[in-house]
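Trainee: Here's a sequence, model it:
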Amino acid sequence: MAPPPQNHEFQEFWNREREALGLSPPASSGFAAAGDAGTPTAAARLRGRSTRQISLLLLLKLHRPFAALSALPRILLLLGRTAARRISSSQRTSSPASRLYRLIRAFLYIAVLLLALELVAYFKGWHFSPPSYASSRHALEILYAQWLYVRAEYLAPPVQAMTNVCIVLFLVQSVDRLVLMLGCAWIWARGARPVAAMEYGKKEDGDLEQGSRSDYHEYPMVLIQIPMCNEREVYQQSIAAVCVQDWPRERMLVQILDDSDDMGVQALIKAEVQKWQQKGVRILYRHRLLRTGYKAGNLKSAMSCDYVKDYEFVAIFDADFQPTQDFLKRTIPHFKGNDDVALVQARWAFVNKDENLLTRLQNINLSFHFEVEQQVNGIFINFFGFNGTAGVWRIKALEESGGWLERTTVEDMDIAVRAHLAGWKFIYLNDVKCLCELPESYEAYKKQQYRWHSGPMQLFRLCFVDILRSKVSWLKKANLIFLFFLLRKLILPFYSFTLFCIILPLTMFLPEAQLPAWVVCYVPGIMSIINILPAPRSFPFIVPYLLFENTMSVTKFNAMISGLFKFGSSYEWIVTKKLGRSSEADLVTIVEKEAQPSAQGGGLQRASSDSGLAELNKLEMSKKAGKAKRNRLYRKELALAFILLTASARSLLSAQGIHFYFLLFQGITFLVVGLDLIGEQVS
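Mentor: The predicted structure is shown next:
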């Protein structure tokens, strides 16, 4: 009988594995001894060696997970020490507890009592053969029998009804996400994107000012505004990025709208403005004595200047945004021939998206928002929420829509809705990116998300009647009310918090009310995959993303309720903390641009650039000598962590596998976030 043929594929695989592990190559292989491969002796030798090779390979492969497992106790010990140190060093706040925290705390007490009762029942055997009220003899047995009756007759039915409502809302919102993703796929397949009717000329001889002045009439007058407040870390790079725009200086005016109450910051910004004025840039510094209306009041005050009437467009950048030099050349042409276009919005890009786990998770959310939501809405209905920055407005549209109003903390969404109701259209440019910075600490991110989710509810309450009375089509009214506001701003945080933080733990203590496994595991998993598709490099973080989004639901739910019913600090504006991170390549470009002598200021020397570097050094020193920060403890997140962990312990008694693992990992995530162990660590 002929011997079996050689397994050359395995030999190739084995050689690659040996090389990867740093082992010496074998003396002979299936290819080195090709002449002997057909002999029975060679074939037998190969077969015998393959068995040993497989054993060695399996042992080496198992070494890696065992090494990771051996490091796990050390990691857990380190986390435990960090948590203990943070708890012991935390400062006790005298501020009164919020309504939501008091409700969560009461729920925690009830959950602990119910778990204790279920444990007693389990060890007495009542969990498998429940006692009846008539046959009960002891007080504890009577209490447990009465509890079984109450939860089956009075508690489980309303909880089950609420569960069904949340499941329906969850499915509706999931369908909305799926439709948005299909729309994005259609745009990608067709290559559909806004195309400008014209294109401005390239720079000549390396600088636009050296070109022909007769061409300047092609460029409309553009006003650039940078509203800021105590932006010590980022003022320099944002002003520099705007001042080096590839646009005729006679056709551009930069307004630095400084609301800082720190005299030192004011002096630094004034010095930076004077430096660029000496370079020939038309730039002004404005400071309000009365800081009313926050950012909306700041922009409203700037638009009231007499010289604004000479300008056709206004570009707005927050203090941490760094537009590319060709930003105006890539956005302004889209207004040409489109007299009904009010806004051209660019996409955000992030200089610190890989800084820590928190920024990676934020990048997933915002990538979906810009790549999918904004792009689909811009292509199909010419409307989306203005992002407050990195956008260019037609000043006429701003004026006809009522201008900036100070009635909400989302003045950008407010003006966008009013402009849409007035009949104006929006254009979103997904290929024009503007660099900015993500919050790196959980405290800054939480405050940002609170404002972003309380403001839309304030606006919805104020403009609901205006939407109904507007002259736009009923289809646009339905889109604004049901999709833009209710589904994406109200229903999403409502069901996320209610379903996964309240109802799921309740169903563990009320087994008569059931939450299907596909709601807990499969649908959220599919939605997480859909959300992460615009950021494919983030796929390794899909599980942390799912758990963290559920964790953030408590903040979003609290903000949504506060904005809808005008509770607490829903109208409080807190500037998002920035660290002043920049793209290295962009900084090099700005420095090179600074070093070029302008046509209007030929007498200027490189000293202006040197002074900028000196100020940057002073800025770095002031940042290092700043007030010491410390991580915080978040009570609502910690209370919910213990609720979920208590419910996971209760689920063990019912042998509910998927529910147990979800509650366990979700509880651990709440615990990590509550101890402020995610994001920037400063303790």
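Trainee: Look at Ala116 and say how many residues are nearby.
Mentor: Per other CB atoms under 10 Å, the neighbour tally for Ala116 reads 11. C-beta: built from backbone N, CA, C; applies to glycine.
Trainee: residues in contact with it?
Mentor: Ala116 makes contact with no residue under the criterion CB atoms under 8 Å, 6 or more residues apart in numbering.
Trainee: That one: which element?
Mentor: Under the criterion of DSSP states H and E, Ala116 resides in helix 99-123.
Trainee: between the helix or strand just after that helix and helix 99-123, how big is the angle?
Mentor: Along the chain past helix 99-123, the next helix or strand (assigned with DSSP H and E) turns out to be helix 139-150. Between helix 139-150 and helix 99-123, the angle formed by their directions is 120 degrees, by axes from the mean of the first three to the mean of the last three CA atoms, to 10 degrees.
Trainee: Give the buried residues for helix 139-150.
Mentor: Buried positions in helix 139-150, judged by neighbour count with 16 or more other CB atoms under 10 Å: Glu141, Tyr144, Ala145, Trp147, Leu148.
Trainee: Stretch 352-370 too?
Mentor: Neighbour-count burial for stretch 352-370, with 16+ other CB under 10 Å as criterion, is recorded at 352-353, 355-370.
Trainee: List the ones among those that fall in helices.
Mentor: Those of the buried residues of stretch 352-370 mapping onto helices are Leu357, Leu358, Thr359, Arg360, Leu361, Gln362, Asn363, Ile364, Asn365, Leu366, Ser367, Phe368, per DSSP state H.
Trainee: Any chance of a markdown table for those, columns pLDDT?
Mentor: As requested, these are exported to a markdown table (pLDDT from 0 to 100):
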| residue | pLDDT |
| --- | --- |
| Leu357 | 93 |
| Leu358 | 95 |
| Thr359 | 95 |
| Arg360 | 95 |
| Leu361 | 95 |
| Gln362 | 95 |
| Asn363 | 96 |
| Ile364 | 96 |
| Asn365 | 94 |
| Leu366 | 96 |
| Ser367 | 96 |
| Phe368 | 96 |
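Trainee: between those residues, which is nearest Gly563?
Mentor: Proximity to Gly563 was ranked across these by CB to CB; first place goes to Asn365, at 19.5 Å.
Trainee: how about the strands in this structure?
Mentor: Using DSSP state E, the strands of the chain run over residues 222-228, 252-258, 283-287, 313-316, 341-350, 391-394, 425-436.
Trainee: Identify the residue nearest Lys353 in space, chain neighbours excluded?
Mentor: Here the nearest residue to Lys353 in space, its sequence neighbours aside, is Asn363; by CB to CB, 6 or more residues apart in numbering that works out to 4.1 Å.
Trainee: what's the answer for Pro323, then?
Mentor: Leaving aside its sequence neighbours, Pro323 sits nearest to Cys434 (CB to CB, 6+ apart; 4.9 Å).
Trainee: Name the residues linked to the one you found by a beta bridge.
Mentor: On the basis of DSSP bridges, Cys434 is bridged to Trp348.
Trainee: my guess is it meets Gln322, correct?
Mentor: Yes - under the criterion of CB atoms under 8 Å, Cys434 lies in contact with Gln322, with a separation of 7.0 Å.
Trainee: hmm, back to that, could I get the strands of the chain as JSON lines with mean neighbour count and distance to Thr163?
Mentor: Supplementary listing: those in JSON lines, determined by neighbours: other CB atoms under 10 Å; distance: least, CB to CB, whole Å:
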{"stretch": "strand 222-228", "mean neighbour count": "24", "distance to Thr163": "45"}
{"stretch": "strand 252-258", "mean neighbour count": "23", "distance to Thr163": "49"}
{"stretch": "strand 283-287", "mean neighbour count": "17", "distance to Thr163": "54"}
{"stretch": "strand 313-316", "mean neighbour count": "23", "distance to Thr163": "44"}
{"stretch": "strand 341-350", "mean neighbour count": "24", "distance to Thr163": "37"}
{"stretch": "strand 391-394", "mean neighbour count": "24", "distance to Thr163": "41"}
{"stretch": "strand 425-436", "mean neighbour count": "20", "distance to Thr163": "38"}
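Trainee: how about the ones you listed in a markdown table, adding mean pLDDT and distance to Glu549?
Mentor: Listed next are the strands of the chain as a markdown table, based on pLDDT from 0 to 100; distance: least, CB to CB, whole Å:
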| stretch | mean pLDDT | distance to Glu549 |
| --- | --- | --- |
| strand 222-228 | 96 | 30 |
| strand 252-258 | 96 | 34 |
| strand 283-287 | 95 | 40 |
| strand 313-316 | 97 | 29 |
| strand 341-350 | 96 | 18 |
| strand 391-394 | 98 | 27 |
| strand 425-436 | 96 | 21 |
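Trainee: List just the one of those that sits closest to Phe123.
Mentor: The minimum distance between Phe123 and the strands of the chain falls on strand 341-350, with 53.3 Å, by CB to CB.
Trainee: how close does the nearest residue to Glu312 once chain neighbours are set aside get to Pro248?
Mentor: With CB to CB, 6+ apart as the measure, Pro220 is the residue that lies nearest to Glu312, at 4.5 Å, once sequence neighbours are left out. Note on Pro220: its distance to Pro248, by CB to CB, to the nearest Å, is 10 Å.
Trainee: More neighbours: these two, which one.
Mentor: Comparing Pro220 with Pro248 by other CB under 10 Å, the one with more neighbours is Pro248, at 19 against 16.
Trainee: pLDDT score for the more buried one?
Mentor: Confidence at Pro248, expressed as pLDDT, is 93.
Trainee: ok, the spatially most central residue of the chain - contacts?
Mentor: The residue lying closest to the centre of the chain (CA atoms, centre = their mean) is Gln362, at 2.8 Å. The contact partners of Gln362, by CB under 8 Å, 6+ apart, come to Phe350, Lys353, Leu438, Pro439, Tyr445.
Trainee: what's the second one in contact with, if anything?
Mentor: What that stands for is Lys353. Thr359, Arg360, Gln362, Asn363, Leu438.
Trainee: For it, give me the backbone phi and psi.
Mentor: Main-chain torsions, Lys353, degrees, to the nearest 10: phi -70, psi -20.
Trainee: try the third one
Mentor: In terms of degrees, to the nearest 10, the main-chain angles of Leu438 are phi -90, psi 150.
Trainee: what about it, distance to Ala390?
Mentor: As defined by CB to CB, Leu438 lies at a distance of 14 Å from Ala390.
Trainee: is it true that Gln458 touches Glu406?
Mentor: No - if you go by CB under 8 Å, Gln458 and Glu406 don't touch, sitting 11.5 Å apart.
Trainee: re the thing from before, the strands of the chain: which one's closest to Leu180?
Mentor: Among those, strand 425-436 comes nearest to Leu180, with 13.4 Å by CB to CB.
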